[in-house]
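>>> A structural model of the following input is requested.
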Amino acid sequence: MVDGEPYSDIAGASRHSKKHRNGFQRLLADIEGGHFGGEVLLLWENSRGSRREGEWMHLIQSCQEADIKIWVESEGRLYDCSVDRDRWDLLEDAIDSAKEASKISKRAIRAAAANAAAGRPHGPTPFGYRREYDPATGNFVGQFMHPENAELIVELFNRLRKGHSLRSIASDWKTRGILNGRGAPFSAQHLRSLALNPAYMGVRVHDRDRHPTSKKRSAGATEVAAEWPKIIDKELYLTVQDALNAPDRVTTRGGRARHTFSMIIRCGVCGGPVKVVDAGRRYSCHQSGCVRMLRPDVDEFVKDVILRFLASPDVFEALRAPAADSGAELAAVREQLAEARHLLAELADAVADKSISVVLAGRSESKIQGRVDALERRERELTAPTALAGLIDPGPDVAVRWKEATLETQRAVARLLLVPEIVGQARINPSPRPGRQLRDPVQVEERVSFRRLVDGRLVDVSALTIAADDHEERASQ
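Here you go, the predicted model:
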């Protein structure tokens with residue numbers, strides 16, 4: 001202790017507390033190291049020493065060896081640890097405190113489980129809701145939508161569905177003076193935690209085994225219908241989860257994209273993404289520089305392919321009228337996908353701790369990865385209609401809506417459509433004439449292809465073929 005400065009110990013002294021008691025550990029270190037600097041240790045009550053019998057014994061023994069007495073303010077009593085009676089009284093109090101802490105913990109666990117089963121709220125009030133209490137008795141009445149903040153939650157989810165980045169939303173809300181419950185501007189990380197909260201779709205999660213610092217649910221987590229009203233529907237919530245958890249979404253770079261198709265169009269040689277270089281003038285393979293091509297021509301052509309696709313009446317009807325049972329199938333696909341991904345993670349851990357050979361792991365991985373790929377394709381097929389409807393409406397005048405859309409929305413549409421199951425994965429291929437990557441007389445239609453899923457196989461379809469198919473379709477109409 002320095003100049004009489006008290007030891008702060010905000011964490012619980014109970015053995016059920018999961019927080020580290022930094023102040024308590026510093027106190028022990030000072031006593032045992034001879035740096036305590038006093039003759040008496042003052043406690044507000046004996047339970048603050050510890051509700052863990054072992055910790056109490058350690059503290060008492062340390063004080064006895066350092067000839068430090070203990071004053072308990074709530075009792076108005078001074079304990080001398082070298083006196084048997086005082087020492088036993090302190091230990092008896094420690095046992096009583098540990099017993100009481102155990103009872104409190106069991107009651108809290110039972111109450112939390114009962115609240116969870118009934119769908120009642122627990123913990124801090126989520127932003128967007130308010131809680132009412134009976135003014136006479138103080139009893140909890142219910143959790144209801146906040147008249148203003150609920151609209152902000154709706155705005156958050158709708159903007160995320162349209163492809164807005166968390167950073168851009170946080171910046172916009174800061175400019176508008178929107179503050180969180182603590183009176184501070186929202187950060188991108190805080191907005192992400194809001195968007196991941198299932199409470200907004202009316203679901204109560206009970207997960208007593210999850211560590212407070214962990215962002216992942218434990219295996220024993222359960223979900224029940226909440227008694228409070230939902231702010232958004234399940235469909236919108238799941239669509240946003242797909243967007244936030246998409247492998248190609250880099251949340252740490254939110255808001256920095258400057259070009260519609262950068263890192264979305266792929267290299268026709270290595271399959272990696274292409275980036276924009278030379279002050280936006282050209283594309284180059286991000287990984288190895290396999291291909292290079294002037295950007296404006298590529299962007300214009302890929303955009304035209306997307307708009308022709310969205311303007312097609314057949315596509316319009318197909319995307320606006322998904323199968324009636326897609327909801328049930330989507331839930332089943334996502335469950336299977338989660339299990340398959342978990343198997344891959346377990347396989348990687350097994351290789352790391354050498355409990356399985358690399359050869360055997362390689363054989364298993366290819367099969368599991370194939371299943372993951374197939375499930376991901378089916379998931380995209382089932383979610384595409386809903387996701388697209390939230391981004392841009394297909395139809396004959398879709399070009400107008402595309403022009404009015406933000407860059408983030410355009411990129412979100414491109415990420416959704418430029419996949420093998422829908423339009424096809426756009427790829428820039430090398431020039432057929434070596435050394436003529438940039439100023440090649442070969443037209444962009446001959447160098448840009450689309451990798452599509454045809455009859456269960458991935459095949460490269462030339463842009464010229466796509467253009468011919470579109471022309472033939474228009475002629476038949």
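>>> surely Pro396 meets Ser312?
No - counting by CB atoms under 8 Å, Pro396 does not reach Ser312; the two are 9.4 Å apart. Any C-beta I mention is one placed from the backbone N, CA and C, and that applies to glycine too.
>>> More neighbours: which of those two?
When Pro396 and Ser312 are compared on other CB atoms under 10 Å, the one with more neighbours turns out to be Ser312, at 20 against 11.
>>> the helices in the stretch 351-477 of the chain, which residues?
For the stretch 351-477 of the chain, the helices defined by DSSP state H, counting those that start in this stretch occupy 358-391, 398-404, 407-417, 444-447, 463-476.
>>> Which neighbouring elements make contact with the second one?
The one in question is helix 398-404. helix 295-311 (3 or more CB pairs under 8 Å, 6 or more residues apart in numbering; DSSP states H and E).
>>> what comes up buried for the helix it packs on?
Buried residues in helix 295-311, defined by neighbour count with 16 or more other CB atoms under 10 Å: 295, 297-299, 301-303, 305-311.
>>> would Asp96 count as being in a strand?
No - assessed with DSSP: H, G, I helix; E, B strand; the rest coil, Asp96 is helix; it does not lie in a strand.
>>> any idea how far it lies from Asp80?
20 Å (CB to CB, to the nearest Å).
>>> cool, Gln189 as well?
For Gln189, the distance to Asp80 - CB to CB - is 51 Å.
>>> Compare these two (neighbour count), which wins?
Asp80 (15 against 10).
>>> Now do that one against Leu407, distance only.
Distance from Asp80 to Leu407, by CB to CB: 74 Å.
>>> Glu75 - that's part of a strand, no?
No - assignment of Glu75 by three-state DSSP gives coil, placing it outside any strand.
>>> Dihedrals phi and psi, it?
phi -100, psi -20 (degrees, to the nearest 10).
>>> Any stretches of the stretch 351-477 of the chain with poor pLDDT?
380-390, 433-442, 463-477 (pLDDT under 70).
>>> I'd like to know how far His146 sits from Lys103.
36 Å.
>>> OK, contacts around Leu152?
Leu152 makes contact with Phe127, Gly128, Trp173, Ile178, according to CB atoms under 8 Å, 6 or more residues apart in numbering.
>>> Over to Tyr283?
With CB under 8 Å, 6+ apart, Tyr283 has these contacts: 262, 265, 274-277, 291-295, 298, 428.
>>> Mind doing that once more with 6 Å?
Counting by CB atoms under 6 Å, 6 or more residues apart in numbering, Tyr283 touches Val274, Met293, Arg295.
>>> The second one - that's part of a strand, no?
Yes - counting by three-state DSSP, one finds Met293 located in a strand.
>>> Which strand residues bridge it?
Under DSSP bridges, the beta-bridge partners of Met293 are Tyr283.
>>> What separation do you get for it and Arg131?
In terms of CB to CB, Met293 sits 58 Å off from Arg131.
>>> again, but for the first one
Look at Val274 and Arg131: by CB to CB, they are 51 Å apart.
>>> Those two: who's more crowded?
Val274 (29 against 14).
>>> tell me the phi and psi of the more buried one?
According to degrees, to the nearest 10, Val274 has phi -110, psi 140.
>>> Does it touch Ile265 like I think?
Yes - with contact defined as CB atoms under 6 Å, Val274 reaches Ile265; the gap is 5.1 Å.
>>> I'd like the distance between Val455 and Arg427.
For residue 455 the amino acid is Asp, not Val. 20 Å.
>>> These two: which is more packed in?
A count of neighbours by other CB under 10 Å puts Arg427 above the other of Asp455 and Arg427, at 21 against 5.
>>> can you pull the contacts of that one?
Neighbours of Arg427 in contact, by CB under 6 Å, 6+ apart: Arg266, Gly268, Ser449.
>>> Which stretches in the stretch 201-350 of the chain count as strands?
Per DSSP state E, counting those that start in this stretch, the stretch 201-350 of the chain carries strands over the ranges 203-206, 222-225, 266-267, 274-277, 282-285, 292-294.
>>> So what touches the first one?
To tie it back to what came earlier, the one meant is strand 203-206. Ala116, Gly119, Pro198, Thr222, Glu223, Val224, Ala226.
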